[in-house]
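J.: What follows is a predicted structure for the sequence shown.
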Amino acid sequence: MSEPDVLKTLQDAGLDVLTCMQCGTCSGSCPSGRYTSLNTRRIVRKARKNSDMLHDDDLWMCATCYNCQERCPRGIKIVDAILMIRTIAVHEGIMLPAHRKISELVLKHGHAVPINDATKEKRKNLGLEELPETVHKYPEALADVKTLLESCGFDKLVVEKQE
Amino acid sequence: MMKKLSLFLGCIIPNRYPGIEKATYLCLEKLGIDCSDLPGASCCPAPGVFRSFDKSTWLALASRNIVLSEELERDVLTICNGCYGSLIDANNELKENAALKKSTNTHLEKIGKKFNGSVDVRHIVELLYDEFGPEKIKEMVTTPLNLRVALHYGCHLVKPSKERQLGSVEKPTFFDELVESTGAESVDYPDKMACCGAGGGVRSALLEKSLEMVNHKFSRISDAGVDCIVNACPFCHLQLDGGQAEVKEKFGLEYNIPVLHYTQLLGLAFGFSPEELGIDLNVIKNDAFLAKLKLKEPAEN
Ligand code: SF4
Ligand code: SF4
């Protein structure tokens, strides 16, 4: 399989990282970078040089707070770019186990956080119906969600690929 | 005139913090807002994860939720920053980009639905601010609260600002004004606008790192000496409430600060009890706070 062209994909989506002047405002604003190895400026630099970054763990440490995007003096949509690089990674089969798990929950229940017995009990005590007015209560609605997920190929996307 | 609304519940509120759902129903009724259920809605889907996994999947699921509300001829009311961000961004993109709308509709066709772009997406905080305003809310309050509140806006209520257009992102005030409408004081504290650390799939995949981020907030809030934290997002709520127990377990630090969604705070100011609003169902149990709420009259001290 040929390497995906990250820079081109970003540019095609109108995410121009080439104007980055490496000032570091993004990294300096990053709450995650204080506790993790995430270095936002480095991600942008790698994207600019189109070097391999799909296996970079830092990609998954962004909490999407948008500080960097708001403050970038060049107006680069940094978070949008990070999310797009994640998309490319996921389509290459690179995904954290926890994220696969959440995806499976949505595939099965239509909710990333499905209901549990403890919450059903709380709902009853509050005078609410045991099941909320969501796909949990309407099986035909859940079937529609599953049809959409399948139509988008999401089921195939998130199953572990054998390298 | 304000458009009719349908309530989009999302995942965490109905499935983990139903007290917020109940508080929302009670507040909407008191406020006289015409808001129906949105039967059959699913996950928004969560923007930080699904949106970054596959855009077509994100748009298909988000648009289905919006279409359910279009069918009711109602705007979508969200009570979660994540749901708000996901649905408003999807709605705007689909309204503006004909090609995306077309490709999304080819998926929706398979379930007999079609995205038209006929409704808007609202968040309860910006809705109350725009349609009522702090003064009017204040007039409606029956039980003014004597509380010191550490307000947590949550990132996706105001950012990305180009999409949200709710004023300053570095130092917004609209939410503080709504908090103060209840009689409470919104106390300033360092790093007030800092992220709770839960978003972007960080909490689910890198719990410990995400707790370090929220612990920083806890220490700032704790120094400010407040009665409770108020938010408008169940994912922040989960991180701020459940996160305190996890921080205690992992780092041995104990804060014991009660956490309320804005609808729960407003519910108290409308005279509902903490039990009716499910405040006692939080992970963090703080009897002193509950006792203080029982003193209906604002205490003189
Ligand atoms: S803030 Fe913008 S210009 Fe500065 S390093 Fe980051 S991406 Fe580059
Ligand atoms: S959006 Fe992500 S990369 Fe940017 S400042 Fe926030 S956590 Fe850091």
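T.: In hand now; what should we look at? Ligands and ions are numbered 1, 2, ... in the order given.
J.: so where's chain A uncertain?
T.: A:1-2, A:161-163 (pLDDT under 70).
J.: Name the SS class of the residue nearest the centre of it, please.
T.: Nearest to the mean C-alpha position of chain A, counting by Cα atoms, centre = their mean, stands A:Leu83 at 5.8 Å. What DSSP: H, G, I helix; E, B strand; the rest coil gives for A:Leu83 is helix.
J.: In contact with it, which residues are there?
T.: The contact partners of A:Leu83, taken as Cβ atoms under 8 Å, 6 or more residues apart in numbering or on different chains, are A:64, B:51-52. Placement of C-beta: from N, CA and C, glycine included.
J.: Give me the domain ranges for chain A.
T.: Following automatic domain parsing, one gets these domains for chain A: A:6-91, A:97-158.
J.: tell me how far the ends of the longest one are from each other?
T.: Same thing as domain A:6-91. 12 Å (Cα to Cα, to the nearest Å).
J.: quick one: it to chain centroid distance?
T.: Here the centre of domain A:6-91 is set off from its chain's centre by 13 Å, with Cα atoms, centre = their mean, to the nearest Å.
J.: from the contacts of A:Leu83, which ones fall inside helices?
T.: B:Ser52 (DSSP state H).
J.: Using TSV, lay out the contacts of A:Leu83 together with distance to B:Glu163 and neighbour count.
T.: Converted to TSV, the contacts of A:Leu83 look like this (distance: Cβ to Cβ, whole Å; neighbours: other Cβ atoms under 10 Å in any protein chain shown):
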residue	distance to B:Glu163	neighbour count
A:Thr64	13	28
B:Arg51	13	26
B:Ser52	16	28
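J.: And the contacts of A:Leu83, which is closest to ligand 2?
T.: Nearest to ligand 2 out of the contacts of A:Leu83 is A:Thr64 (Cβ to the nearest ligand atom; 5.2 Å).
J.: Pull the contacting residues for residue 105.
T.: I'll assume chain A. A:111-114.
J.: my bad, chain B
T.: B:114-115.
J.: just to revisit the earlier point, which among the domains of chain A is found nearest to B:Ala46?
T.: domain A:97-158 (5.1 Å; Cβ to Cβ).
J.: So what would you say the end-to-end distance of that closest one is?
T.: 10 Å.
J.: Check stretch B:38-57 too.
T.: First residue to last in stretch B:38-57 (Cα to Cα) measures 21 Å.
J.: Would you mark the buried spots in that stretch?
T.: B:38, B:40-57 (16 or more other Cβ atoms under 10 Å in any protein chain shown).
J.: and A:Leu157, that one's in a helix?
T.: Yes. Per three-state DSSP, A:Leu157 lies within a helix segment.
J.: my guess is it contacts B:Asp54, does it?
T.: Yes. Proximity of A:Leu157 to B:Asp54 meets the contact threshold set by Cβ atoms under 8 Å, at 5.8 Å.
J.: Tell me the one of the contacts of A:Leu83 nearest B:Leu100?
T.: Among the contacts of A:Leu83, and counting by Cβ to Cβ, the member closest to B:Leu100 is B:Arg51, at 13.2 Å.
J.: Tell me, what's the model's pLDDT at the closest one?
T.: B:Arg51 carries a pLDDT value of 90.
J.: can you list the contacts of A:Leu83 in a markdown table and add distance to A:Asn39?
T.: Below are these laid out as a markdown table (distance: Cβ to Cβ, whole Å):
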| residue | distance to A:Asn39 |
| --- | --- |
| A:Thr64 | 16 |
| B:Arg51 | 23 |
| B:Ser52 | 19 |
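J.: Which helix or strand contains B:Ser210?
T.: Secondary structure from DSSP states H and E places B:Ser210 in helix B:207-224.
J.: Are that helix and chain A in contact anywhere?
T.: Yes. Helix B:207-224 reaches chain A (Cβ under 8 Å from any Cβ of the partner chain) through B:209-210, B:212-213, B:216.
J.: Would you mark the buried spots in the helix or strand where B:Leu100 lies?
T.: Of the helices and strands defined by DSSP H and E, B:Leu100 is found in helix B:98-109. Residues of helix B:98-109 classed as buried: B:100-101, B:104-105, B:107-108 (neighbour count, 16+ other Cβ under 10 Å).
J.: Could you export those to a markdown table, including columns for distance to A:Asn39 and pLDDT?
T.: Output for those, formatted as a markdown table (distance: Cβ to Cβ, whole Å; pLDDT from 0 to 100):
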| residue | distance to A:Asn39 | pLDDT |
| --- | --- | --- |
| B:Leu100 | 32 | 96 |
| B:Lys101 | 37 | 98 |
| B:Thr104 | 35 | 98 |
| B:Asn105 | 40 | 98 |
| B:His107 | 37 | 98 |
| B:Leu108 | 40 | 98 |
